[in-house]
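**Q** task: produce atomic coordinates for the following.
(2 chains)
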Amino acid sequence: MVRVRFAPSPTGYLHIGNARTALFNYLFARKNNGVFVLRIENTDVERSNSRFEESIIEDLKWLGLSWDEGPDTGGPYQPYRQMDRLNLYREYANRLLSEGKAYRCWCTREEIEKRAKTGGYDNYCRNISDAQISKFQSEGRKPVLRFKVPEKEVIVKDIIRGTIRFEADSINDFVIMKSNEIPTFHFAVVIDDFEMKITHVIRGEDHLSNTPKHILIFEALGQTPPQFAHMSMTLGPDRTRLSKRHGATSVRQYRESGFLSNAMFNYLALLGWSSKDNQEIFSKQQLIQEFSLEACNKSNAIFDPAKLLWMNSQYMKMKSAKEITELSIPFLEKAGYEKSNIERHRQIIEKIVELEKEKFRILEDVPERVAPYITEDIDWNLQLLQKFGIPETSKILSEILPEIKKIEQFERSAIENIIRKFCKEKNLKTGEVFHPLRFALTGMTKGPGLFELMEILGRDVSVRRIEKFLKKSMKDDN
RNA sequence: GCCCCCAUCGACUAGAGGCCUAGGUCACCACUCUUUCAAGGUGGUAGCGCCGGUUCGAUUCCGGCUGGGGGCGCCA
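**A** Just a heads-up that it's a prediction; the model follows:
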């Protein structure tokens, strides 16, 4: 039975890179009918914050990465939390201590730095006398527990990278229990991974160099290490680690600017993994079907928001107008429209969305294009009409207005007939009429087809807007 | 400083010795479609880091160099 885990530390929002790690774990678990575990690694009491834990969980859910297990609380699955498992770590730590595989170290950071020229700790406390220990104790020092690293070469067998050897003396005795009796990452991960019967550790390459430490702990505890798969890292455009200065790097930020969960899911899967047949758009099911660790790329990948944007536009097209409308509501509210106003215009919004759907890249694109249809006051920026000439277009509009008023069935084909007839009679190019008309009606130089647009607006609103526009353009002209 | 990983268009990648005149996608450019903005269609620019081997033949195998990334914390 395949069992994998995603183990974020709640020290910030869910990062794009972490989300990708979570995704790969998830895909691997689902592909193999395995179990996906979420474990919150909150042993850094200084930096951990439950606020971040909550946001990470929300974002994982949003991405559709659901986990399958949790501590026994009776309710829906909670994640495992390391701070709830301290007794467990202490138990194993004591065992290593009593077996002589770990020892107490009393050194201060300053002392270590002073002694060691390069590299880290010099294993000073491995063999100190009882007298020294009493002295340290009497000074009130709190010891840490260090792992006694055996002198042996460690071989890491990695699914993605193959076999990697680490020299015998490349690792110093490292801390496994801090002086506050909380385990360090290296220790807690190992204990949890075998306690949770994790079969495959899929994580970022930044942990590759730490893996020998982990393997050594597994061995000291008489456990067989899980299989490892170290994924390439996600970098920013300047090839350095993706970080805040690269702009939006959290899942949350993309979510809030109107990216679709499925698009993000799909895009992230393509970062460091690809199918053999050039396919780029995958449903979640297809991704689960096709995914394999062996097909993962070894080299680091640069996160490209432009391709994400394209991917998102593809998913926007796939959604129905109804869905897009529904999803847009928060963005319309954010753009300043009252909830009641949005509800009142719901049908109209949906119609516009239907017409404009393939033009949206993200949900945040919706409000602008929907605006003229849910608000009364149009703010005409006459500059935009400059190339047609304000006086000329005003003349055309005042001439066509009576014709529009006369249309009985105010629906697109009737409107089209009248307007095209008008163009012909006046010997005008269609563009000379269509563009000013669209502008007068919506205040925009872009939008749906003119006739569809007018049908949606209705005769009353259309007439009123043209009249209002004429009034404004005359005034500006003088 | 020591250790580890990586190396194909600007980006994501296909390629697992001859199928490569290096393929696809994003971005970019041009053309096209068109009542606008888009979308779409067609085409284009652009890449195997360098030096040695191995081989009849290297993008593909080996070594070195260079470059990039990561690790060496009482952070995870």
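
**Q** for the residue nearest in space to the middle of chain A, give me its contacts.
**A** By Cα atoms, centre = their mean, chain A has its centre lying nearest to A:V251, at 2.3 Å. Residues near A:V251 by Cβ atoms under 8 Å, 6 or more residues apart in numbering: A:Y13, A:L14, A:H15, A:I16, A:A19, A:D59, A:W62, A:L63, A:M264. Every C-beta, even on glycine, is put in place using the N, C-alpha and C of the backbone.

**Q** show the model's pLDDT score for it.
**A** At A:V251, the pLDDT value in this model is 96.

**Q** how about A:S283?
**A** For A:S283, the predicted pLDDT is 95.

**Q** neighbours around it, how many?
**A** 12 (other Cβ atoms under 10 Å).

**Q** pick out the residue of chain A closest to RNA strand B.
**A** Closest approach between chain A and RNA strand B, counting by Cβ to the nearest atom of the strand: A:G120, at 2.4 Å.

**Q** once you drop chain neighbours, what's closest to that residue?
**A** A:N172 (4.6 Å; Cβ to Cβ, 6 or more residues apart in numbering).

**Q** hang on, the earlier thing: from A:F259, how far out is the residue nearest to the centre of chain A?
**A** 9 Å (Cβ to Cβ, to the nearest Å).

**Q** domain assignment for chain A?
**A** Listed by automatic domain parsing, the domain ranges of chain A are A:3-83+A:234-306, A:85-231, A:320-374, A:382-477.

**Q** now tabulate those in TSV and tack on distance to A:N312.
**A** Converted to TSV, the domains of chain A look like this (distance: least, Cβ to Cβ, whole Å):
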stretch	distance to A:N312
domain A:3-83+A:234-306	4
domain A:85-231	23
domain A:320-374	6
domain A:382-477	20
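
**Q** nearest to A:S313, out of the ones you listed?
**A** Nearest of the domains of chain A to A:S313, taken as Cβ to Cβ: domain A:320-374 at 4.3 Å.

**Q** where does pLDDT dip in the stretch 351-478 of chain A?
**A** A:475-478 (pLDDT under 70).

**Q** how about the helices in it?
**A** With DSSP state H, counting those that start in this stretch as the criterion, the stretch 351-478 of chain A has helices at A:366-374, A:390-406, A:412-426, A:430-442, A:450-477.

**Q** A:P402: neighbour count?
**A** Per other Cβ under 10 Å, the neighbour tally for A:P402 reads 9.

**Q** coming back round to it: now do the contacts for the residue nearest to A:G120.
**A** Per Cβ under 8 Å, 6+ apart, neighbours of A:N172: A:G119, A:G120, A:Y121, A:D122, A:N123, A:V149.

**Q** Serialize the residues you listed to a markdown table and add fields for neighbour count.
**A** Converted to a markdown table, the contacts of A:N172 look like this (neighbours: other Cβ atoms under 10 Å):
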| residue | neighbour count |
| --- | --- |
| A:G119 | 10 |
| A:G120 | 12 |
| A:Y121 | 19 |
| A:D122 | 15 |
| A:N123 | 14 |
| A:V149 | 23 |
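
**Q** and A:D365, what does it touch?
**A** Applying Cβ under 8 Å, 6+ apart to A:D365 gives the contacts A:G258, A:K359.

**Q** residues in contact with A:W273?
**A** So A:W273 contacts A:F24, A:F291, A:A295, A:C296, A:N297 (Cβ under 8 Å, 6+ apart).

**Q** who wins for neighbours among those?
**A** Tallying neighbours with other Cβ under 10 Å puts A:F24 at the head of the contacts of A:W273, with 25 neighbours.

**Q** what pairs with the residue nearest to it when sequence neighbours are not counted across the strands?
**A** On the basis of Cβ to Cβ, 6+ apart, the spatially nearest residue to A:F24 that is not a chain neighbour turns out to be A:I202, at 5.6 Å. Using DSSP bridges, the beta-bridge partners of A:I202 come out as A:A229.

**Q** which pLDDT value goes with A:I202?
**A** Each residue has a pLDDT score; the one for A:I202 is 98.

**Q** what about stretch A:56-73, how long is it end to end?
**A** Using Cα to Cα, to the nearest Å, one end of stretch A:56-73 lies 20 Å from the other.

**Q** check which residues of it are buried.
**A** Residues A:I56, A:I57, A:D59, A:L60, A:W62, A:L63, A:L65, A:W67, A:E69, A:G70 are the ones in stretch A:56-73 that count as buried (16 or more other Cβ atoms under 10 Å).

**Q** for A:Q409, see how far away A:E151 is.
**A** Distance, A:E151 to A:Q409, using Cβ to Cβ: 91 Å.

**Q** those two: who's more crowded?
**A** Between A:E151 and A:Q409, A:Q409 has the larger neighbour count (other Cβ under 10 Å), namely 10 against 7.

**Q** picking up where we left off before, can you list the helices of the stretch 351-478 of chain A in TSV and add distance to A:A93?
**A** Output for these, formatted as TSV (distance: least, Cβ to Cβ, whole Å):
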stretch	distance to A:A93
helix A:366-374	55
helix A:390-406	81
helix A:412-426	76
helix A:430-442	69
helix A:450-477	69
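
**Q** looking at those, which is nearest to A:M231?
**A** Among the helices of the stretch 351-478 of chain A, helix A:366-374 sits nearest to A:M231 (Cβ to Cβ), with 34.7 Å.

**Q** off-centre distance for that closest one?
**A** Put simply, helix A:366-374 sits 27 Å off its chain's centre (Cα atoms, centre = their mean, to the nearest Å).

**Q** same question for stretch A:312-324.
**A** 18 Å.

**Q** now do stretch A:348-360
**A** 26 Å.

**Q** tell me if it is near RNA strand B.
**A** Yes: Stretch A:348-360 lies within reach of RNA strand B by Cβ under 7 Å from any atom of the strand, at A:E356, A:E358, A:K359.

**Q** for that stretch, which outside residues touch it?
**A** Contact with stretch A:348-360 is made by A:313, A:316-317, A:319, A:321-322, A:324-325, A:328, A:332, A:342, A:365-366, A:369-370, A:373-374, A:447-449, A:452-453, A:456, as judged by Cβ under 8 Å, 6+ apart.

**Q** so which residues on the stretch 301-450 of chain A come close to RNA strand B?
**A** A:301-302, A:304, A:306-307, A:309-310, A:313, A:317, A:356, A:358-359, A:416, A:430-431, A:434-435, A:438, A:445-450.

**Q** spatially nearest residue to A:I164 (excluding sequence neighbours)?
**A** Distances taken as Cβ to Cβ, 6+ apart put A:V156 closest to A:I164, at 4.6 Å, once the chain neighbours are dropped.

**Q** equivalent analysis for A:Y337, please.
**A** A:Y337 sits nearest to A:I374 (Cβ to Cβ, 6+ apart), 6.4 Å away.

**Q** report the separation between A:E153 and A:H207.
**A** In terms of Cβ to Cβ, A:E153 sits 19 Å off from A:H207.

**Q** neighbour count winner among the two?
**A** Neighbour comparison, A:E153 and A:H207: the larger count goes to A:H207, with 17 against 11 (by other Cβ under 10 Å).

**Q** for the nearest residue to that one once chain neighbours are set aside, give me its contacts.
**A** Closest residue to A:H207 apart from its sequence neighbours, by Cβ to Cβ, 6+ apart: A:H230 at 6.5 Å. Residues in contact with A:H230 (Cβ under 8 Å, 6+ apart) are A:D158, A:I160, A:R161, A:R203, A:G204, A:E205, A:H207, A:L208, A:T211.

**Q** good, wrapping up.
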